[in-house]
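> have a look at this prediction, sequence included:
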Amino acid sequence: MSFIAVIPARAASTRLPDKPLLDIAGKPMVVRTAERAALSGATRVVVATDDARIQAAVQKHGFEALLTRADHPTGTDRLAEVARQLALAPGAIVVNVQGDEPLIDPRLINQVAQLLAGQPDAAIATCATPILDARSLFNPNVVKVVCTRQQRALYFSRAPIPWARDALADGGQRLAGGLPALHHIGLYAYRVDFLERYSSLPVGPLESFESLEQLRALENGYAIAVHIAAAHPAAGVDTADDLARVRESFVNRL
């Protein structure tokens, strides 16, 4: 089974300007992410960027980089442009790997691709991990997903779902014992034909209110398969503290 890993990388970031180019142990962050993606078994790793500086930095380190439009509303739309530029077959599988994930586990990338390949009736595959503390459950920045018994997504939300009615009847914030709460991880596998279809799908009220683009697929009747990973992957880089943590991790490896 073959798949392509595509890494969207935009220079614009309110917290960390030029984030993909920030140095991590002698290489740009996006290059460190590409190195991890290359270990996943992907037949091709492509960085998709709207910045010529990022393209040049990626190519300098031996990876493929394509320039894409700067006005894409979502990362999924950017992937669709990459698929068109590369003239990928409709059934080809593309995995979206965020450019600020220099510690991502390559096995997770492969597992998501394998999941989609094994479920031809699913439009998307993604992953999640069990939530083990109340703070994460009630944190709106932690996206939750609830699934069917067949591990298909029913809904994604920033709210604490599923809601443990009896355990939370007193208004407290706690994690009920045995609650099947899952933290959604923003790693996605798509088939090219769905990528082409996605941008033409209407944006519904759920996506608008939750600000979660994966809800567009559910609102329009498409299935999302979910891989449940036992351990939570290493966090990406959103803040200066995250960057310091990742840099320290690489120094300790050297």
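Great, that's in hand.
> could you report the neighbour count for L132?
12 (other Cβ atoms under 10 Å). The C-beta positions use only the backbone N, C-alpha and C, and glycine is treated the same way.
> same check on G62?
Neighbour number of G62 under other Cβ under 10 Å is 10.
> what helix or strand is the closest residue to A164 other than its chain neighbours on?
Spatial nearest neighbour of A164, chain neighbours left out: A176 (3.6 Å); criterion: Cβ to Cβ, 6 or more residues apart in numbering. For A176, there is no enclosing helix or strand under DSSP states H and E.
> in the stretch 1-150 of the chain, which spans are strands?
Using DSSP state E, counting those that start in this stretch, the strands of the stretch 1-150 of the chain run over 4-9, 23-24, 27-28, 44-49, 64-67, 93-96, 124-130, 144-147.
> looking at those, which is closest to R253?
strand 23-24 (10.8 Å; Cβ to Cβ).
> remind me what that closest one packs against, helices and strands.
Secondary-structure packing of strand 23-24 (3 or more Cβ pairs under 8 Å, 6 or more residues apart in numbering; DSSP states H and E): helix 240-253.
> got the contact list for the helix it packs on?
Contact partners of helix 240-253, identified using Cβ atoms under 8 Å, 6 or more residues apart in numbering, comprise 15-16, 22, 24-25, 29, 32, 102-103, 234-237.
> what does stretch 193-205 give?
Counting by Cβ under 8 Å, 6+ apart, 76-77, 79-80, 83-84, 90-91, 94, 123-124, 190, 215-217, 219-220, 222 sit against stretch 193-205.
> in helices only, show me those residues.
Among those, the subset assigned to helices under DSSP state H consists of 76-77, 79-80, 83-84, 215-217, 219.
> picking up where we left off before, buried ones only from the contacts of stretch 193-205, please, as a PyMOL command.
A single PyMOL command selects the buried members of the contacts of stretch 193-205 (16 or more other Cβ atoms under 10 Å):
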select buried, resi 76+77+79+80+83+94+123+124+190+215+216+217+219+220+222
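> count the residues that sit near C127.
24.
> what pLDDT does the nearest residue to it once chain neighbours are set aside get?
Spatial nearest neighbour of C127, chain neighbours left out: H227 (4.2 Å); criterion: Cβ to Cβ, 6+ apart. pLDDT recorded at H227 is 97.
> with L254 instead?
For L254, pLDDT reads 54.
> before we move on, what about T14?
Confidence score, pLDDT, at T14: 68.
> ranking the strands of the stretch 1-150 of the chain by burial, who's on top?
Most buried of the strands of the stretch 1-150 of the chain, by mean neighbour count (mean count of other Cβ atoms under 10 Å): strand 4-9, with a mean of 27.
> now L206: which helix or strand?
With DSSP H and E as the test, L206 turns up in helix 205-210.
> gap between that helix and the chain center?
19 Å (Cα atoms, centre = their mean, to the nearest Å).
> and that helix, which residues are buried?
207, 210.
> I'd say L67 and A52 touch.
Yes: with contact defined as Cβ atoms under 8 Å, L67 reaches A52; the gap is 6.7 Å.
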